[in-house]
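[1] this one's structure only:
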């Protein structure tokens, strides 16, 4: 049975990805900061008690990551999906940047995915699918910067893309497929009510990209339609 390990699974696109994988009879290891308040995730647990496990994980806390590794041991992980992220909108404009908020955003959006990939690399390497997927954003593309604002968020996603590109080279010999994925503009708490895609539409498209990915795709930056986004 294939296994997904996903961060930020309690709401939005993370929750929808859990639903989609559970419906396909995957084992899902869902993580979030406060499982006790993750009511929608608990509903899924009631529906899929044998497939879904829920774990406490604050992704910026290295001790939490190491504890999760201890809990999972050598469990093969077919897809590690680094989904958790923050927006840092209050520090996004030139002239009002806040170093503390910026650093917190970099911890969550850049350093935490790096640590998750480091800690669980052998779990992924020992699986059948061998995918490390990372939720990036087209807003992190320097080549496609055509709107203003959101400097902090854009910067973290650009930095994450560099991490992904480098890790992909380092792990290619292990057969691991490392991906940067843009989910589209999705109707979530972050994306807002006027966004283009529902969480279901985005999740289906992301899963299609991962299902079609091979080692030749490692290190690529995929748009929601499967096309390649320039760095």
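    Cool, got the structure. Quantities reported herein were computed from a predicted structural model and do not represent experimental measurements. Numbering: from 1, shown residues only.
[2] in what helix or strand does residue 100 lie?
    Using DSSP states H and E, residue 100 sits in helix 99-106.
[3] and after that helix, which helix or strand comes next?
    Following helix 99-106 in sequence order, the next helix or strand is helix 112-119 (DSSP H and E).
[4] Okay, buried residues for that following helix please.
    112-117, 119 (16 or more other CB atoms under 10 Å). Where you see a C-beta, it was placed from the backbone N, CA and C, and this is true even at glycine.
[5] And the contacts of stretch 222-231?
    Contacts to stretch 222-231, defined as CB atoms under 8 Å, 6 or more residues apart in numbering, come from residues 138, 141-144, 161, 165, 179-184, 197, 202, 205-206, 208-209, 212, 220-221.
[6] Please disregard the earlier target; I meant stretch 163-181.
    Contacts for stretch 163-181 (CB under 8 Å, 6+ apart): 110, 113-114, 117, 121, 124-125, 129-136, 160-161, 206, 209-210, 213-215, 217-222, 231.
[7] Any of the residues you listed buried? List them.
    Taking 16+ other CB under 10 Å as the criterion, what is buried in the contacts of stretch 163-181 is 110, 113-114, 117, 121, 124-125, 129-136, 160-161, 206, 209-210, 213, 217-222.
[8] Sort out for me which of those residues are in strands.
    Mapping the buried ones among the contacts of stretch 163-181 onto strands (DSSP state E) picks out 131-135, 221-222.
[9] can you tell me which residues contact residue 42?
    Residue 42 is in contact with 35, 54, counting by CB under 8 Å, 6+ apart.
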